[in-house]
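quick one, what's the 3D model for this:
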Amino acid sequence: MSNNGRIHIQKPQGHSCFACGTANPIGLKLQFYRLGNSVCSEITLEKNHEGWENVAHGGIVSTILDEIMSWAILYFKKKFVVTRKIEIKYIKPVIIGTLLTIKGEIIDDSSPPRIVVKGEVRDDEDKLLVKSIGEFVILPKERFDSISEIFKKDICSMFDRFEVTSQ
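Numbers count the residues shown, from 1 in each chain. Alright, predicted model coming up:
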């Protein structure tokens with residue numbers, strides 16, 4: 001399904017990931033879409049995501065950036081990944097109650113298993129609030145010993161549904 005160039009990304013249901021899981025009662029339940037060479041999401045952080053008064057907690061902001069950058073790799077590379085490191089620059093306060101657009105885009109995949117991705121958070125006026133660079137490592141699904149076979153199958157099935165074409 002496409003809307004203004006957006007392609008909805010169907011994700012597995014019923015899992016407990018804090019950022020994207022549908023079964024986590026306190027999770028963010030991020031939904032994703034492709035826009036060009038990026039994976040994006042929109043979220044409005046609320047009072048329970050607050051750090052300083054009316055400002056989103058930096059840890060929550062870093063969580064959404066980690067997630068969007070990971071999903072850029074999941075979508076475009078169809079690979080299991082783990083985060084190696086993230087560098088975040090907070091430019092302006094992230095005000096709770098504001099619609100945010102988060103975006104992740106692969107910027108270097110020339111040295112597998114290492115992939116570098118950039119992320120950003122923008123407000124409803126398209127002002128850049130936070131930017132990040134993340135380094136991720138591709139892992140074969142066999143290395144995910146702590147993950148159930150059912151979840152691995154769900155992810156592989158999701159990869160099969162992704163239709164990645166260059167733009």
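
helix or strand right after the helix or strand of the chain with the lowest mean pLDDT?
Sorting the helices and strands of the chain by mean pLDDT, DSSP states H and E puts strand 2-3 at the bottom, at a mean of 60. Next along the chain after strand 2-3, taking DSSP states H and E as the criterion, comes strand 6-9.

list the buried residues of that next one.
Neighbour counts over strand 6-9 (16 or more other Cβ atoms under 10 Å) mark 7, 9 as buried. Yep, even glycine has a C-beta here, placed from its N, CA and C like the rest.

direction included, what does the following helix or strand past it pair up with?
Using DSSP H and E, the helix or strand that follows strand 6-9 in sequence is strand 32-35. Strand 32-35 pairs in its sheet with strand 6-9 (antiparallel), strand 38-44 (antiparallel), by DSSP bridges.

most centrally placed residue in this protein?
Nearest to the geometric centre of the chain sits residue 68, at 1.6 Å (Cα atoms, centre = their mean).

am I right that residue 33 is in contact with residue 8?
Yes - taking Cβ atoms under 8 Å as the definition, residue 33 is a contact partner of residue 8 at 5.3 Å.

just checking, what's the longest helix in this protein?
Assignment by DSSP state H gives helix 58-77 as the longest helix of the chain.

what's the helix or strand that residue 110 is a member of in contact with?
For residue 110, the host element (DSSP H and E) is strand 99-111. Here strand 99-111 makes contact (Cβ atoms under 8 Å, 6 or more residues apart in numbering) with 35, 37-45, 64-65, 68-73, 76-77, 94, 114-124, 126, 129, 133.
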